[in-house]
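>>> Need the 3D shape of this:
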Amino acid sequence: MYHAVGHAPAAAIRALSVSPEAFADQMSLLAERGFTPVSTAHLAQAWRDGAPLPLHPVLITFDDGYRGVREHALPVLHRHGFPSTLFVTTGWLRGAYEIDGAALDTMLDWDEVRELAAEGAEIGGHSHTHPQLDQLPDDRLRYELEHCRELVAEQLGVRPVSFAYPYGYSDRRVRRAVRSAGFAQALAVGNASADPRQGPFALRRMTVRRGTGIEEFARLVEGRAIARAFARDRALTKAYALVRGSRRLARKASRAHV
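So this is what the prediction gives:
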């Protein structure tokens, strides 16, 4: 799971960014070690149908829609012939639907998203405003999912079939809503390898950061020492899940007394 790719990303996204040089080295490692990138739709459909996957399949995904993906990542992906999946936050992209001041850094515009699609990237949904979906009431949740899907379909002429949860947060209600909105599969974070037993709406990914060195990247894609690499992330995720659950219960109790 990638976010921004750039030399000098905004401070708000820097920790979750990678440099262009690091990204190029990571893609070269995948090529040299015989990994075969596939799109999210390809992976999920193969697992759904029981079809064989290529040798050493790997997903390359980008969240949000930062412009550096077009400027720095696309040429590298093109050189290797690698497909990828870009999950766009439609209210952050530059253009008619842009929400002023919402984006964390310079974003793609719709022409650039179409260019990425033409180069083989699957375009998926990532909500319209990038909220914590599990904290939203039902009507707002439907809007975030359906409006995002409608805008991607309008701009690209193809309805997106894959979704990624903002912040990686979801619960059973959110997953049902994503399915009802017309998406066929969805990615969380989880910082673990994806597995068909996780179900098509809870597939996991591993975070690649500014501080992810090439040796650590190699261990992660080969499935070695993953739990150790993300031990702190998992502890924080569990703690914050309790906080979010308490917030939901408090809101339900408040509504019940209105």
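>>> now the strands for the stretch 151-258 of the chain?
Using DSSP state E, counting those that start in this stretch, the strands of the stretch 151-258 of the chain run over residues 162-164, 185-190, 203-205.
>>> Ala192 against Thr207, yeah?
No. Counting by CB atoms under 8 Å, Ala192 does not reach Thr207; the two are 10.7 Å apart. The way it works is simple: take the backbone N, C-alpha and C, and place the C-beta from them, glycine included.
>>> State the pLDDT value of Ala241.
Note for Ala241: predicted pLDDT of 56.
>>> Now do the buried residues in stretch 140-152.
Under the neighbour-count criterion of 16 or more other CB atoms under 10 Å, stretch 140-152 has 141, 144-152 buried.
>>> count of neighbours near the residue lying closest to Thr129 once chain neighbours are set aside?
Closest residue to Thr129 apart from its sequence neighbours, by CB to CB, 6 or more residues apart in numbering: Gly91 at 4.8 Å. By other CB atoms under 10 Å, 21 other residues sit near Gly91.
>>> Point out where this protein drops to low pLDDT.
Counting by pLDDT under 70, the ranges of the chain that qualify are 234-258.
>>> now the helices for it?
Here the chain has its helices, by DSSP state H, at 20-32, 40-49, 67-68, 74-80, 110-118, 138-156, 172-180, 214-221, 226-229, 231-256.
>>> Quick check: which of those is buried the most?
A comparison of the helices of the chain by mean neighbour count, using mean count of other CB atoms under 10 Å, puts helix 67-68 on top with a mean of 23.
>>> The residue lying closest to Glu216 once chain neighbours are set aside and Glu119, how far apart?
Spatial nearest neighbour of Glu216, excluding adjacent residues (CB to CB, 6+ apart): Ala229 at 6.3 Å. Computed as CB to CB, to the nearest Å, the Ala229 to Glu119 distance reads 31 Å.
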